[in-house]
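>>> Mind looking at a prediction? Sequence and model below.
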Protein chains: 2
Amino acid sequence: MKNYFSSQFKLGILGGGQLGKMMLYDTRKYDIQTYVLDPSAEAPSRIACNYFEQGSLMDYDTVVAFGRKVDVLTFEIESVNVDALEALEKEGITVYPSSKTLRNIQDKGIQKQFYIDQDIPTASFKRYPSASALLEDAPTFPFVWKSCTGGYDGKGVSVVRTAQDLEKLPEVPCIAEAMIPFKNELAVIVARNPSGAVTTYPVVEMEFHPEANQVEYVICPARIDDHVAQKARAVAEKVSKAFEHVGLLAVEMFQTEDDDILVNEVAPRPHNSGHYSIEGSYTNQFEQHIRAILDLPLGKTASKVASVMVNLVGEENHQGQVLYKNIENIMQMDGVTAHIYGKKETRPYRKMGHVTIVDQDISVARATAEDVKKMIKVISE
Amino acid sequence: MKNYFSSQFKLGILGGGQLGKMMLYDTRKYDIQTYVLDPSAEAPSRIACNYFEQGSLMDYDTVVAFGRKVDVLTFEIESVNVDALEALEKEGITVYPSSKTLRNIQDKGIQKQFYIDQDIPTASFKRYPSASALLEDAPTFPFVWKSCTGGYDGKGVSVVRTAQDLEKLPEVPCIAEAMIPFKNELAVIVARNPSGAVTTYPVVEMEFHPEANQVEYVICPARIDDHVAQKARAVAEKVSKAFEHVGLLAVEMFQTEDDDILVNEVAPRPHNSGHYSIEGSYTNQFEQHIRAILDLPLGKTASKVASVMVNLVGEENHQGQVLYKNIENIMQMDGVTAHIYGKKETRPYRKMGHVTIVDQDISVARATAEDVKKMIKVISE
């Protein structure tokens, strides 16, 4: 077994945003050396790693040169140069998740086709080279438009109800997905290591903000029947194995009116829907991702306490040096923990942090979460 | 309310060992800027702070110059130049705990006398300028010898059973304490902020290693009757208020055969007996210390799950580059989290890390802790 702790071993992380920052909580805990690459000199992960490099994640030469410095390479964002990952794999650098997994996920059209080919339940879809090609195909309204690449934090996804809506969309490769009425949006995080060990987290329920297409409350455990939860976890595990995925895979799903589970999309990394796990789970998702990619035993995924997470996003009409208004008031509330990502500038709807509320009782946590949401505001000074 | 988060505010920490390192987990979480001073270039806190300075904590000029760079100054070790702290306070730098509190604690003779003067229950004692002066006083054996200053991690404390034992001790100011038969060694951590809010953690039970005078298991909650636990927490709260202590205060106590509580000694900082709180409590002790010294609301101290902590200390007959033998085996066990402090060299009995075991059931956690202790060994490569 390789010696990862207080040794010469180096873990590389492509991307230095809040997901990487939260991975660093656990690499510090275990004293694992970390190298981080990010385009921004003010990246949240800039401190708490052993070596920080400023550079482009989409530049082939930059990523290859960076990857050669480490023993195992991972990423916290899908927008990385996947050809560079493949080149590094050929040179013998361990890359998890693999370039093959990432290629199957990065392009939403390829991702959806993968589900169909692997017999994984998902809404029907069709791929188009552009929005006008889609319009020419006389689609049935309403449907869901998604750009094949570049979507992030709710962007690149639109509900299309009329031909006029469609005309506003960019001329890029896209998919049109059937709009299935659903009861709940759910997520299951799966961890899988190279030795083949797999484990799933309890199902989380995601309540979405109607306009911004960003999640408002993440609730764990989801308030659904046990048999539906089991089905969701089984589907997520099937997806992970189909991708031969190593590391964490967040599987977002719909629970239909008939209690069927349809896969929406996946993220091959720690995910917003798993942040509750830092305070709520026996093994938080960031530690789990590290265990998985280092082929260490996977940890217990059960919850210690019920958890609700709310995102801290910049208020509309506020831009500039950030101020977390009333944060001291929410710190007064039992079981409430704020996470401030370290981005200096706030912008409308920018993800600046999150707050996790834990309690033995999920309904107490959910009620407190509403109070938190009303109280704390992310504004500019 | 001062803006501490993602701002120009600077928190200074004197000392960069594992206690400071674990404080940095929470300053990163909240994006609070931190400055750290430590004599070692390889201090565990060297990364994950915003600014690290190598220098002596006992040097007046070094500490004063460092303290002038920050807005609030704290420490993670009592061996700091307390005159420098007092000078900084006079210059208007906020120092918590205060120099006055530290003076009452640093010297064990002064500390013991403080308890007597404040009517806090403690074993009777007498102070001497040297071990030979103590011998001349014809003491009753056995008793407990403690050096007035410089004791750490069990050093500077000895059970003296014969005059020969006494002759082996160094000629330094010391106290002789009556040896009271006790059922249990307990600890209660108290947090108090400048506004006067006080809160105590559940009582922990400490099982000690017979020879090395280091704790073997820290168990929370202590397996004692409720009325004894309440008494212990009340005594701890009284001690904190008597010191007018701001920040964390770890109060170590004895439970006598008659279920009385006697104060042994205190540490004005996060403490080994509170490490379980990272996985076990609603608010971990490091976050609590930061809340307290910044006059933020104190967090809930209750436990989410029962916890047992074991220290990882260097094996006898091993010195050199450290290897955590079988760490991957303990990572297989449910509810087990290792903390590796980041010290590169192991030495016999050196505190290299700790392992916390959590479970809904304390006896399951305690049993697993034994398996952990048998399995993992801190050796040299």
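Okay, I see it.
>>> how about the residues of the stretch 151-300 of chain A that lie near chain B?
A:282-283, A:287, A:291, A:296-297, A:299-300 (C-beta under 8 Å from any C-beta of the partner chain). Every residue, glycine included, has its C-beta placed from N, CA and C.
>>> pLDDT score for the closest residue to residue A:169 other than its chain neighbours?
Nearest residue to residue A:169, sequence neighbours excluded (C-beta to C-beta, 6 or more residues apart in numbering or on different chains): residue A:131, at 4.3 Å. With respect to pLDDT, residue A:131 has a value of 90.
>>> so who does residue A:131 touch?
Counting by C-beta atoms under 8 Å, 6 or more residues apart in numbering or on different chains, residue A:131 touches A:145, A:166-167, A:169-172, A:174.
>>> residues near the residue in the stretch 101-250 of chain A that chain B sits nearest to, how many?
Closest residue of the stretch 101-250 of chain A to chain B, C-beta to the nearest C-beta: residue A:197 (10.0 Å). Residue A:197 has 14 neighbours, counted by other C-beta atoms under 10 Å in any protein chain shown.
>>> Would you agree it is in contact with residue A:297?
Yes: Residue A:197 is within contact range of residue A:297, at 7.1 Å (criterion: C-beta atoms under 8 Å).
>>> In helices, which of the contacts of residue A:131 appear?
Of the contacts of residue A:131, the ones assigned to helices by DSSP state H are A:166-167.
>>> Neighbour count added to the contacts of residue A:131, as TSV?
Output for the contacts of residue A:131, formatted as TSV (neighbours: other C-beta atoms under 10 Å in any protein chain shown):
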residue	neighbour count
A:145	22
A:166	19
A:167	11
A:169	18
A:170	11
A:171	10
A:172	14
A:174	26
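>>> Return the distance of stretch A:85-97 from the chain's centre.
Centroid separation between stretch A:85-97 and its chain, computed with C-alpha atoms, centre = their mean, to the nearest Å, is 22 Å.
>>> in it, what counts as buried?
Of all the residues in stretch A:85-97, those buried under the rule 16 or more other C-beta atoms under 10 Å in any protein chain shown are A:85-89, A:93-97.
>>> Would you reformat the residues you listed as CSV and include distance to residue B:76, secondary structure and pLDDT?
Shown next, in CSV, are these (distance: C-beta to C-beta, whole Å; DSSP: H, G, I helix; E, B strand; the rest coil; pLDDT from 0 to 100):
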residue, distance to residue B:76, secondary structure, pLDDT
A:85, 41, helix, 98
A:86, 46, helix, 98
A:87, 45, helix, 98
A:88, 40, helix, 98
A:89, 43, helix, 98
A:93, 38, coil, 97
A:94, 36, strand, 98
A:95, 38, strand, 98
A:96, 36, coil, 98
A:97, 38, coil, 97
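>>> Pick out whichever of the residues you listed sits closest to residue A:329.
For the buried residues of stretch A:85-97, the minimum distance to residue A:329 (C-beta to C-beta) is 40.3 Å, reached by residue A:97.
>>> The closest one touches residue A:245, doesn't it?
Yes: using C-beta under 8 Å, residue A:97 is in contact with residue A:245, at 5.7 Å.
>>> what is in contact with those two at once?
Residues touching both residue A:97 and residue A:245 (C-beta under 8 Å, 6+ apart) are residue A:268.
>>> Quote the end-to-end distance of stretch A:119-130.
Start-to-end span of stretch A:119-130 (C-alpha to C-alpha, to the nearest Å) is 27 Å.
>>> Can you list the buried residues in it?
For stretch A:119-130, a neighbour-count test (16+ other C-beta under 10 Å) marks A:120-123, A:125, A:127-128 as buried.
>>> repeat for stretch A:350-366
By 16+ other C-beta under 10 Å, the buried positions in stretch A:350-366 come out as A:350-359, A:362, A:364-366.
>>> Could you do stretch A:175-188 as well?
Of all the residues in stretch A:175-188, those buried under the rule 16+ other C-beta under 10 Å are A:175-177, A:182, A:184-188.
>>> Make JSON lines from the residues you listed and add distance to residue A:316 to it.
Shown next, in JSON lines, are the buried residues of stretch A:175-188 (distance: C-beta to C-beta, whole Å):
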{"residue": "A:175", "distance to residue A:316": "30"}
{"residue": "A:176", "distance to residue A:316": "30"}
{"residue": "A:177", "distance to residue A:316": "29"}
{"residue": "A:182", "distance to residue A:316": "28"}
{"residue": "A:184", "distance to residue A:316": "27"}
{"residue": "A:185", "distance to residue A:316": "24"}
{"residue": "A:186", "distance to residue A:316": "28"}
{"residue": "A:187", "distance to residue A:316": "26"}
{"residue": "A:188", "distance to residue A:316": "32"}
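>>> Spatially, which two of those residues are the most separated?
Distance extremes for the buried residues of stretch A:175-188: the farthest pair is A:176 and A:188 at 25.8 Å, using C-beta to C-beta.
>>> Once you drop chain neighbours, what's closest to the residue most central in space within chain A?
The centroid of chain A falls nearest to residue A:271 when counting by C-alpha atoms, centre = their mean (2.7 Å). In space, and not counting its chain neighbours, residue A:271 is closest to residue A:250: 3.3 Å by C-beta to C-beta, 6+ apart.
>>> beta partners for that neighbour?
Beta-bridge partners for residue A:250, by DSSP bridges, are residue A:189, residue A:267.
>>> re the thing from before, tell me which of the buried residues of stretch A:350-366 fall in helices.
Of the positions in the buried residues of stretch A:350-366, A:362, A:364-366 sit in helices, assigned by DSSP H.
>>> Rebuild those as a markdown table, extending it with pLDDT and distance to residue A:50.
Below are these laid out as a markdown table (pLDDT from 0 to 100; distance: C-beta to C-beta, whole Å):
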| residue | pLDDT | distance to residue A:50 |
| --- | --- | --- |
| A:362 | 96 | 39 |
| A:364 | 97 | 41 |
| A:365 | 98 | 36 |
| A:366 | 96 | 40 |
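>>> Among these, which one sits closest to residue B:309?
Top of the list for closeness to residue B:309, among those and by C-beta to C-beta, is residue A:365 at 26.7 Å.
>>> That closest one contacts residue A:357, correct?
Yes: counting by C-beta under 8 Å, residue A:357 is a contact partner of residue A:365 at 4.8 Å.
>>> Check the contact lists of those two and give me the overlap.
A:307-308, A:335.
>>> pretty sure residue A:201 is in contact with residue A:189, am I right?
Yes: between residue A:201 and residue A:189 there is a contact under C-beta under 8 Å: 4.3 Å.
>>> between those two, what contacts are shared?
Counting by C-beta under 8 Å, 6+ apart, the common neighbours of residue A:201 and residue A:189 are A:274, A:277, A:285, A:301.
>>> Inside helices: which ones of the residues of the stretch 151-300 of chain A next to chain B?
Judged by DSSP H, the subset of those located in helices is A:287, A:291.
>>> Could you tell me which of the residues of the stretch 151-300 of chain A next to chain B count as buried?
Buried members of these, counted by 16+ other C-beta under 10 Å: A:282-283, A:287, A:291, A:296-297, A:299-300.
>>> lowest confidence element among the helices and strands of chain A?
Among the helices and strands of chain A, helix A:163-167 carries the lowest confidence by mean pLDDT, DSSP states H and E, at a mean of 87.
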